[in-house]
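Asker: Fold the following and give me the result.
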Amino acid sequence: MDRFAPNLPGGGLLGGTSIDVVVALDDPRSPDVQALLAVHLAFAREVTPPCEVHALDVEGLLDPMVSLFSARREGVVLGIGALRELDPVHGEIKSMHTAETARGQGVGRAIVDHLLAVAAERGYRRVSLETGATPEFAPARALYAGAGFEQCAPFGDYVEDLNGTCMTRLLA
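Answerer: This next block holds a predicted model:
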């Protein structure tokens, strides 16, 4: 079953049991996006030393090199994820988070697939990310591995640390 169609205008669709999830560009200043982002940042700060939290806040998501996307069902935000341009051929996934009530429904995968489709449209040859290395981040690492990402050396401004894992995927 093809759960995601990245070539749809305005975003992709994830087939649900009765209602679809739409992944599309969103505004990080939207109150519901800010609320989910606050949950994401609180989680990251709870399980990661302060100097190693790399999640973007609203200000960081407003950077012109960053595009934020949300997954919504009937207008309700279920997940968020951003794509930041590192250079003309390399993008980075940032600030991925799925609402607790929507986990296990394919929302995170729909967002990752959408970000990869956008990256390909932009001409990126590689997409990378940094996520936690601790057990709390195991679901995120599994999601990314399932989407074809492999562990890699630190990229950009990241450095080796015990709490972080860098992953990358080449695009066709």
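
Asker: pull the CA atoms of the longest helix along the chain into CSV?
Answerer: Among the elements of type helix in the chain, defined by DSSP state H, the one spanning the most residues is helix 31-47. This file holds the C-alpha atoms of helix 31-47, laid out as CSV (Å, rounded to 0.1, in the frame of the first residue of the first chain):
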residue,chain,number,x,y,z
PRO,A,31,-0.2,28.1,18.2
ASP,A,32,-0.8,24.4,17.7
VAL,A,33,2.6,23.9,16.1
GLN,A,34,4.2,25.9,18.9
ALA,A,35,2.4,23.6,21.4
LEU,A,36,3.8,20.4,19.8
LEU,A,37,7.2,22.0,19.4
ALA,A,38,7.2,22.9,23.2
VAL,A,39,6.5,19.2,23.9
HIS,A,40,9.4,18.2,21.6
LEU,A,41,11.8,20.7,23.3
ALA,A,42,10.8,19.7,26.8
PHE,A,43,11.4,16.0,25.9
ALA,A,44,14.8,16.8,24.4
ARG,A,45,15.8,18.9,27.4
GLU,A,46,14.6,16.3,29.9
VAL,A,47,16.7,13.4,28.4
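
Asker: what's that helix in contact with?
Answerer: By C-beta atoms under 8 Å, 6 or more residues apart in numbering, the residues outside helix 31-47 that reach it are 26-28, 53, 55, 57-58, 61, 68, 70, 76-77, 79-80, 95, 97, 99-100, 132, 134, 136-137. Heads up, the C-betas are built off the backbone N, CA and C, glycines and all.

Asker: Kindly report the same for stretch 59-67.
Answerer: So stretch 59-67 is contacted by 25, 28-29, 37, 56, 68, 82-85, 94-95, 118 (C-beta under 8 Å, 6+ apart).

Asker: what comes up buried for the lengthiest strand in the chain?
Answerer: Identified as the longest strand of the chain according to DSSP state E is strand 76-87. The neighbour-count check on strand 76-87 (16 or more other C-beta atoms under 10 Å) flags V77, L78, G79, I80, G81, A82, L83, R84, E85, L86 as buried.

Asker: Need the three-state assignment for P154.
Answerer: coil (DSSP: H, G, I helix; E, B strand; the rest coil).
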